[in-house]
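>>> Kindly return the folded structure for what I paste below:
(chains A and B)
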Amino acid sequence: MAPLIEARDLTKKYGAHVALDRANLSVEAGRIVGLIGPNGAGKTTALRAILGLTSYEGELKVLGREPFRERTALMQDACFIADVAVLPSWLRVDQAIDFVAAVHPRFRRDRATGFLAKTQIKGGRRMRELSKGMKTQVHLALTMAIDAKLFVLDEPTLGLDILARRAFYDALVNDYMDETRTILITTHQVEEVENLLTDLIFIDRGRIVLDTSLEEVATRFVTVAVASDRIEAGRAEKPFYERSILGKSELYFENPDREKLAVFGELHTPTVADLFVAKLSGGAA
Amino acid sequence: MNNQIWLIRREFWENRAIWSIPAIIGVLLIIAGLFSRVNLPTLSSANDTHDFAAIFLVAIGMFFYLVMSVYATWYLLDCLHADRKDRSILFWKSLPLSDTETVLSKLIVAIVVIPAVYFVAADVTALIVAFVVSIRLRSLIGDALWHPDVWLQIQVLWVYVIVTTAIWYLPIAGWLMLVSAWAKRAVILWATLPPLVLCIIERYFGSHVLWNVLRERLFGLPAASLRASGPHSWNVSGTGDDSTLHLPSSVWHFINAGEFFTNPQTLIGAAVGVLLIIGAIQLRMRRSEI
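Numbers count the residues shown, from 1 in each chain, chains lettered A, B, ... in the order given. Just a heads-up that it's a prediction; the model follows:
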């Protein structure tokens, strides 16, 4: 089966600034992919290109379509939340449901109202009267009621408190995700999405530095804590990143010889957050 | 079609001023009709009352038309800017609606829906004020306001004015939408300053071409669409109570449709308007955020 999203040499320049620099990535159906990168790395630009909100150079196919030329058709099968605070302040909850129901052929009204019935939100309220957390629930209700193949989330929980963030992800995983859907998500809060993701894409300065599944991370990356007296021997195995904590050095290896490393101590699979730091700092060194 | 209807309904949700401003003006005029001192000229002949009815209806219509022009200008400047300012464009763009549909819905609201709302408001207001004044004065003057033939003629004139306004001001509407889709802030300044600066530069070189084109476009509609004996040149002779008003007997004397629709100024202006609107659609596709 062809990948849901496929980008080859995806490039986007804003004047002299290169936001995306020949990025290559592919996303398969049924995955939950985290697009992770520091501020200004090109995450949002990549999503905007995928959603047809911006023009670009290079090749990009999303659900078999060219996003910028075919945004309208693409939005029948893909939906997105780019920051939850964007529902207009004058819009009433019931108007929002009526509108999306009227213009979106795949919107299932009963699902949206069912989801909202579980909350305190009344149909007659305007967005400006709702808290940020409630607005998130409305937006999520509207979006999750769409039978879309691809759901893109750009920093969906930015500015939400911990309760609202947790509720957001619970709803996403429990009420929405199944094997027919694909989710692409960008966030700063790596820890929060770590146990939800099946795939990782790291992006730095417009380039893709890592594109892998989480199962592959476990076989491909290893970290081991090495005592300071054996640090030179450890370094001889060519770690790609090194970090000292509490008198020990944590060394990060890619595709290592595990037997050789075992002599230094217990081998661990790095967390996504640690791998992110290691990969990006290591790449910069 | 279905999408257009919902997009236009959406504009009503967002811009309640589309109907609230004409409603308020109508109510104020009716209140004025109820409580103000009504002092009207003595009308001796049936012809006089006929003319008076026409002037009364046209005056109310003109007042609504002026307010409508100001509001429609503001609406066009705001319509592709507001949702970029509050970032809600990201929500609208997540729906399967094309940028062409969206921009056209806003254009239709500005040049068809808003004028139609004001047209209905002016009509309703005129009828209620005429009714109120008739009852208050219980006289020929009151009766003078009831002239179904005049009323029907004014309806025709109104529709004609709406159509010609929409076509004549299409380049202005297109320019305002282009600015609305492009500017990050200060839409009013971006809409007015560049043409003004260009005119000043032009004047420096001793030319008035651009200045004349703009002036002609902004103020030339009555001359282009109505005959010389149009409402702007009503001939009032005599003074005080002897005033008599001379009007052509039918509205058809005013309407100069044949000349308007074949006038190169009309056609070139409309073509420029279409190009500017295409430009606004292109910008709408590319500039989603401020």
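>>> what secondary structure does residue A:40 sit in?
Recorded secondary structure, residue A:40: coil (DSSP: H, G, I helix; E, B strand; the rest coil).
>>> Can you check which helix is longest in chain B?
Assignment by DSSP state H gives helix B:46-79 as the longest helix of chain B.
>>> and it, what's its mean pLDDT?
The pLDDT scores in helix B:46-79 average 87.
>>> buried ones in that helix?
Across helix B:46-79, burial judged by 16 or more other Cβ atoms under 10 Å in any protein chain shown covers B:48-54, B:56-58, B:60-61, B:64-65, B:67-68, B:71-79. (Glycine included, C-beta is placed from N, CA and C.)
>>> Also stretch A:27-43?
In stretch A:27-43, counting by 16+ other Cβ under 10 Å, buried: A:27-37, A:41-43.
>>> out of those residues, which touch chain B?
Among the buried residues of stretch A:27-43, no residue sits close to chain B (Cβ under 8 Å from any Cβ of the partner chain).
>>> hang on, the earlier thing: give me the subset of the buried residues of helix B:46-79 touching chain A.
The subset of those within reach of chain A, by Cβ under 8 Å from any Cβ, is empty.
>>> Kindly report the residues of the stretch 101-250 of chain A close to chain B.
Listed as neighbours of chain B in the stretch 101-250 of chain A under the rule Cβ under 8 Å from any Cβ: A:102-105, A:139, A:143.
>>> what do you get if the cut-off is 10 Å, keeping everything else the same?
Residues of the stretch 101-250 of chain A lying close to chain B (Cβ under 10 Å from any Cβ of the partner chain) are A:101-107, A:126-127, A:139, A:142-143, A:146, A:148, A:152, A:154.
>>> just to revisit the earlier point, and of the buried residues of stretch A:27-43, the nearest to residue B:136?
residue A:43 (70.1 Å; Cβ to Cβ).
>>> For the closest one, give me its contacts.
Counting by Cβ atoms under 10 Å, 6 or more residues apart in numbering or on different chains, residue A:43 touches A:19-20, A:35-37, A:154-155, A:186-188, A:201, A:203-204.
>>> do the same with residue A:102
Per Cβ under 10 Å, 6+ apart, neighbours of residue A:102: A:109, B:2-3, B:5-7, B:9-10, B:95.
>>> Then residue A:61?
Residue A:61 neighbours (Cβ under 10 Å, 6+ apart): A:2-8, A:26, A:50, A:67.
>>> Give me the secondary structure label for it.
Recorded secondary structure, residue A:61: strand (three-state DSSP).
>>> Just the pLDDT for it.
94.
>>> That one and residue A:186, how far apart?
20 Å (Cβ to Cβ, to the nearest Å).
>>> With residue A:44 instead?
7 Å.
>>> what residues are shared contacts of these two?
Shared contacts of residue A:44 and residue A:186 (Cβ under 10 Å, 6+ apart): A:35, A:37, A:82, A:154-155.
>>> biggest separation within these, which pair?
Greatest spacing in the shared contacts of residue A:44 and residue A:186, by Cβ to Cβ: A:37 and A:82 (16.0 Å).
>>> these two touch, right, residue A:190 and residue A:279?
No - using Cβ atoms under 10 Å, residue A:190 is not in contact with residue A:279; the gap is 11.8 Å.
>>> So between these two, which is more surrounded?
Per other Cβ atoms under 10 Å in any protein chain shown, whichever of residue A:190 and residue A:279 has more neighbours is residue A:279, with 22 against 18.
>>> Just the buried residues of the helix or strand harbouring that one, please?
Using DSSP states H and E, residue A:279 sits in helix A:272-284. By neighbour count on 16+ other Cβ under 10 Å, the buried set for helix A:272-284 is A:272, A:274-280, A:282.
>>> Just give me how far it sits from the chain centre.
Put simply, helix A:272-284 sits 17 Å off its chain's centre (Cα atoms, centre = their mean, to the nearest Å).
>>> on contacts alone, who are the packing partners of it?
For helix A:272-284, the packing partners by 3 or more Cβ pairs under 10 Å, 6 or more residues apart in numbering or on different chains; DSSP states H and E come out as strand A:32-36, helix A:190-193, strand A:199-204, strand A:207-213, helix A:214-220, strand A:221-227, strand A:241-245, strand A:248-254.
>>> Dump the ones you listed to TSV, plus mean pLDDT.
Below are the helices and strands packed on helix A:272-284 laid out as TSV (pLDDT from 0 to 100):
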stretch	mean pLDDT
strand A:32-36	91
helix A:190-193	81
strand A:199-204	91
strand A:207-213	90
helix A:214-220	88
strand A:221-227	87
strand A:241-245	84
strand A:248-254	87
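>>> okay, the ones you listed, which one's buried deepest?
For these, average neighbour numbers computed from mean count of other Cβ atoms under 10 Å in any protein chain shown are highest in strand A:32-36, which has a mean of 25.
>>> tell me what it is packed against?
The helices and strands touching strand A:32-36, judged by 3+ Cβ pairs under 10 Å, 6+ apart, are strand A:17-27, helix A:43-50, strand A:150-154, strand A:182-186, helix A:190-193, strand A:199-204, strand A:207-213, helix A:272-284.
>>> what is the orientation angle of that strand with helix A:43-50?
Strand A:32-36 and helix A:43-50 are oriented at 130 degrees to each other (axes from the mean of the first three to the mean of the last three Cα atoms, to 10 degrees).
>>> Direction included, what does strand A:32-36 pair against?
strand A:182-186 (parallel), strand A:199-204 (parallel) (DSSP bridges).
>>> just to revisit the earlier point, in a markdown table: the helices and strands packed on helix A:272-284, plus distance to residue B:259.
Conversion of the helices and strands packed on helix A:272-284 to a markdown table gives the following (distance: least, Cβ to Cβ, whole Å):
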| stretch | distance to residue B:259 |
| --- | --- |
| strand A:32-36 | 61 |
| helix A:190-193 | 68 |
| strand A:199-204 | 62 |
| strand A:207-213 | 64 |
| helix A:214-220 | 74 |
| strand A:221-227 | 79 |
| strand A:241-245 | 80 |
| strand A:248-254 | 80 |
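>>> how about residue A:188, secondary structure?
coil.
>>> residues in contact with the spatially closest residue to it that is not a sequence neighbour?
Nearest non-adjacent residue to residue A:188, counting by Cβ to Cβ, 6 or more residues apart in numbering or on different chains: residue A:155, 7.0 Å away. Neighbour list for residue A:155: A:43-44, A:47, A:81-84, A:185-189 [criterion: Cβ under 10 Å, 6+ apart].
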